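Visitor: when you get a sec, could you give me coordinates for this:
(chains A and B)
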Number of protein chains: 2
Amino acid sequence: MSARFVSVDTYDIRFPTSRELDGSDAMNPDPDYSAAYVVLRTSEGDHEGHGFAFTIGRGNEVQTAAIAALRPYLAGREVDEVLGDLGGFWRELVHDSQLRWLGPEKGVMHMAVSAVVNALWDLKAKRAGLPLWQLLARMTPEELVALVDFRYLTDALTPDEALGILRAAQPGRAAREQQILADGYPAYTTSPGWLGYDDEKLRRLCREAVDAGFTQIKLKVGADLSDDLRRMRIAREVCGPDIRIAVDANQRWDVPVAIEWVRALAPYDVWWVEEPTSPDDVVGHAAIARGIAPIKVATGEHVQNRVVFKQLLQLDAVSYVQLDAARVAGVNENIAILLLAAKFGRPVCPHAGGVGLCELVQHLSMFDYVAVSGEMQDRIIEYVDHLHEHFIDPVRVENGRYLAPLAPGFSAAMHPASLSSYAFPDGPVWT
Amino acid sequence: MSARFVSVDTYDIRFPTSRELDGSDAMNPDPDYSAAYVVLRTSEGDHEGHGFAFTIGRGNEVQTAAIAALRPYLAGREVDEVLGDLGGFWRELVHDSQLRWLGPEKGVMHMAVSAVVNALWDLKAKRAGLPLWQLLARMTPEELVALVDFRYLTDALTPDEALGILRAAQPGRAAREQQILADGYPAYTTSPGWLGYDDEKLRRLCREAVDAGFTQIKLKVGADLSDDLRRMRIAREVCGPDIRIAVDANQRWDVPVAIEWVRALAPYDVWWVEEPTSPDDVVGHAAIARGIAPIKVATGEHVQNRVVFKQLLQLDAVSYVQLDAARVAGVNENIAILLLAAKFGRPVCPHAGGVGLCELVQHLSMFDYVAVSGEMQDRIIEYVDHLHEHFIDPVRVENGRYLAPLAPGFSAAMHPASLSSYAFPDGPVWT
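Guide: Residues are numbered from 1 along each chain as shown, chains lettered A, B, ... in the order given. Predicted coordinates:
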C-alpha cells in the first residue's frame, strides 16, 4: 500500500521579541517574530514535513488560515505522486483558478504556498536521507528545470537557457560539495545594527562581530540622518577599513530621498544599501542604483515573486539578490530566482534572521554554489543570532561561516516544546 | 455623547456562478463570485457602513479573516474622529508595523484594508446624505490631497502637483456635476464575450449589446488563437466597424506571445488589449505596448497598489488605467491613482463586474470627471450584468450609460436576505 498524506496541521507560533527591541528597524519598530507553521503527516509515519511562513506578529492568524486553505490539495493524496512531481504540484497550488485571485502570486496566499512547498521538500529530503542542499545539488539539470515554472519569465530566461546554466555547472559539482562540507559558506551579521540599540551596545556588538570572524556587518538606517551618520562613524571606527558595512533602510525612503541619504553616508564606505524604497518599485530601484553608484543596491526580502526579481535584473536595479526562503513560493520559485541571478551574473545574498530563515536559506546558497552559479565571490548569507534554540537542527555559524547542515531535511522543524510554549494566544508564554 | 463604533461584523458570501460559466475566461475557468463582506455599526445606530473585498470563491474565508484582523482599529473608537481624518486612518491601517509584513500593500491584507476603508466612506456619505461621488466632488483640493498617502509616489507626483491638478479642475465642477446627473457616464459591456459561451450565444449577445446602445464591447481571449480569430470575426461582423471591440487576455501570455497574438488579431480592429501578461510585470507591459502599437494596452484589475500604477505610467506601459474599487486600499488609494492618471494624461476606465464592483466604481469615475481629470473623452466604465439584484442601490445602466447614483452612500450594501442566503458554507444556497 502506498503512503498517503493523512494530516496538514497548522500552528500559530509567536515569540514576544518586541519586549527586547531585537529586530527593530525604521519600518518595524516592535516586531513579534512569528511563524505560521505547518506539519504534514503521512500514513507511513516515519517522517513529517515541516514548513512555515515568517511574519512579525499581528495577522499571523490570517497567514495560518491561508495555509489551512491549501489542505484539500494534500489530504488523502499519495505521497509518492506528490513528491515525485513537485514542479507539477507547485503549479497546481499557485495556479488554483480561484485562490490565485487573492494574489496573484503575492502576499498571504503566496507565503502560504511557500510554507506547504517547503514542508514537502523537508519531507522529500528526509525520505532521501539527505540535507536539502545535497538532495538538490545531486539532481540532474533536467530534473531541476522541471521544478521551475517559466510562466512570465521567457522574455528573460527560457527553459533551454536554464538548462544551459545548469549543465555548465555540472563539472566540479563533487569538488564544490566537498568544499562546502569542509569550509561552509560565508556569513554576515546584522546583530550589531538594530535601531533600538544605543551607541555603547552598537560599539560592543561591532567589536564582537569582528572578533567572531565576520568580514561584513549590517546597520539599520533610515529613521534619522544624523543618527545614521553617527552610528555609521562608530561602526567604521570599531571595525576598521577592511570590514564591509552594509546599510538597510527597510523601505523607508522615496526615490529622491534615498539617493540623497545614501550619498550622505558614502564617506563611511557603504558596501550596499538594502531596501531603499518600496519593494514593488523596480523603476525606482533602477533610478536609485544610477543615483548612488558606485554604491550598490540590494533587495529581495519583500520581493513578492520571480516576476519582480526578473524586472529588477532586467533594469539593472539590483546588484545583490536577497532571496527569501518563505516569501516567494518556496524552493521551486527560489530555484527560478537563482537561475535568473545566474543568467544576469548577479550574486545571491539571501535574507535571513526572523524565525528559522537562517535555517532555510543556507540550503539554497549551498545548492547555488554546487550546482547553479558555481561561484562564491561576493556571495554571503545574512546571519542573526535569534531564536535558533527553538529548532531541532539549528544553524551552526563558526568563524564567520555557516557550517554545512548534515541532518536529513530542510532544517525547518521546531522542537515540540517550542510549538506548545509559544502557541498564540493560548500557550503559556502568552497567557 | 459622541458616537462610537460598536461592531465590525464579517460575512463570507459566495454565489455559485461557476454552475453557469458566467465569468469564465482564460485564467478563471470556473469562478464562484464572492465577497468578503463587512458591516460597521455605531452607537448612534442610524447608519451602517458596508464594504467588501471581491474574490472568486475558494479562499474567501482567508479574505474574511483578514478583514477581521483589522477589527481592533475600530472597535470602541469615536466615529467623528475616524471619519474626520480618513487620510490619517488609512495610514494607520496600511502602515501597521506588524500587519504590513503580510504584504506590504498587496494581496489579501491590502484588500482587507480596502473593504474597511470603503465601508467607512459608505458610512461617511450616508451621514452626509450624499452619494459618494458627490461627497468627494464637493471636497476642497486641500481636503482631497490630505486623503492621499504620497509615500513612494513623489518621484512621479508630489502633493503640490496633486493640488495643482485639483485646483485646475475647480472651474466647471458644478456644470460637470449637473451633466453627470443629466446624462450619466459611458459604459461598455463584457457580457457577450465570456469564453464559456458558444458562437451562437456570442452572436446574439453582441447584437443585443449594440441594440442596447453600447458603443464598446469586450471579448475574452487567450486560450486558443484560432478560436479567438473566429470569435473576433463574428463580433466584428455583428457589431460593424463603428463599435469599439476590446480584448482581455486575463494574464494568459508571456511577453513575446502577447505581442504575436495581438498582432494576429489586429486586422479585426482591436481597441485595447487588457491584462496581456502578469500584472506585476511593468517592464513586460512596456515591451508589449511598444510591440503592438498602435493597439493600446489596458490593465489594472490586479494591479496591487499605487506604486505599480506609478511605474506603468512612468514606463508608458499602459494607455487605459483600469482601477479596481476593492483591490487597492479603497477610495483613498484610488484618489491617488486618479491623480497619477491625470498627471500622465491617461484615461481611467475602471474594472467592474464581479460582485458589486460596478456599484462602487461608478462613484469613482463620476468624481474623476467632476473634480480630477475633468475629461470624459475615451473614458468608459466596464459593465457586466451580474448579481446587481443583491444590492439595495443597484447600478442603473440605460442606453449604454451608467445613470448617476442618487442614494446616500457608496452603493455597497447588499440585501440582508442575500447575506443570509449566500452565506458560505451554511447558507441555504450551499447546503
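Visitor: show residues contacting the helix or strand of chain A with the lowest mean pLDDT.
Guide: Least confident helix or strand of chain A, by mean pLDDT, DSSP states H and E, is strand A:185-193 with a mean of 93. Identification of contacts with strand A:185-193 by C-beta atoms under 8 Å, 6 or more residues apart in numbering or on different chains yields A:202, A:205-206, A:208-209, A:212, A:214-220, A:231, A:235, A:244, A:246, A:248, A:353, A:362, A:365-366, A:369, A:376, A:379-385, A:397, A:400-402, A:404. (Glycine included, C-beta is placed from N, CA and C.)
Visitor: same check, this time on stretch A:414-431
Guide: A:11-16, A:34-35, A:37, A:50, A:60-61, A:356, A:390-392.
Visitor: give me the low-pLDDT residue ranges for chain A?
Guide: A:1, A:21-23 (pLDDT under 70).
Visitor: which helix of it spans the most residues?
Guide: helix A:107-128 (DSSP state H).
Visitor: name the residue of chain A with the shortest distance to chain B.
Guide: A:Gly107 (2.3 Å; C-beta to the nearest C-beta).
Visitor: which members of the contacts of stretch A:414-431 are classed as buried?
Guide: A:11-15, A:34-35, A:37, A:50, A:60-61, A:356, A:390-391 (16 or more other C-beta atoms under 10 Å in any protein chain shown).
Visitor: correct me, but A:Val307 touches B:Val282?
Guide: No - counting by C-beta atoms under 8 Å, A:Val307 does not reach B:Val282; the two are 9.7 Å apart.
Visitor: higher neighbour count, these two?
Guide: B:Val282 (29 against 25; other C-beta atoms under 10 Å in any protein chain shown).
Visitor: near chain B, which residues of the stretch 51-200 of chain A show up?
Guide: With C-beta under 8 Å from any C-beta of the partner chain as the criterion, the stretch 51-200 of chain A meets chain B at residues A:55-59, A:61-63, A:65-66, A:69, A:96-111, A:151-155.
Visitor: inside strands: which ones of those residues?
Guide: A:Thr55 (DSSP state E).
Visitor: ok, and for the least confident helix or strand of chain A, which residues are buried?
Guide: A:Tyr185, A:Pro186, A:Ala187, A:Tyr188, A:Thr189, A:Thr190, A:Ser191, A:Pro192, A:Gly193.
Visitor: gap between stretch A:235-247 and the chain center?
Guide: 24 Å (C-alpha atoms, centre = their mean, to the nearest Å).
Visitor: over to stretch A:267-275?
Guide: Using C-alpha atoms, centre = their mean, the offset of stretch A:267-275 from its chain centre is 21 Å.
Visitor: repeat for stretch A:110-124
Guide: Worked out by C-alpha atoms, centre = their mean, stretch A:110-124 lies 13 Å from the chain centre.
Visitor: now the strands for the stretch 151-300 of chain A?
Guide: Counting by DSSP state E, counting those that start in this stretch, residue ranges of the strands within the stretch 151-300 of chain A are A:185-193, A:216-220, A:244-248, A:270-274, A:296-299.
Visitor: after the shortest one, which helix or strand is next?
Guide: On the C-terminal side of strand A:296-299, the closest following helix or strand by DSSP states H and E is helix A:306-314.
Visitor: and the contacts of that next one?
Guide: Here helix A:306-314 has contacts from A:105, A:152-153, A:156-157, A:279-280, A:282, A:285, A:299-300, A:303, A:317-318, A:321, A:323, A:328, A:333, A:336-337, A:340-341, A:343-344, A:346, B:278, B:280-284, using C-beta under 8 Å, 6+ apart.
Visitor: contact partners for the residue nearest in space to the middle of chain A?
Guide: Nearest to the mean C-alpha position of chain A, by C-alpha atoms, centre = their mean, lies A:Asp324 at 2.4 Å. The contact partners of A:Asp324, taken as C-beta under 8 Å, 6+ apart, are A:Gly300, A:Glu301, A:His302, A:Val303, A:Pro350, A:His351, A:Leu357, A:Val361.
Visitor: rewinding a little: list the buried ones in the longest helix of chain A?
Guide: For helix A:107-128, by 16+ other C-beta under 10 Å, it's A:107-127.
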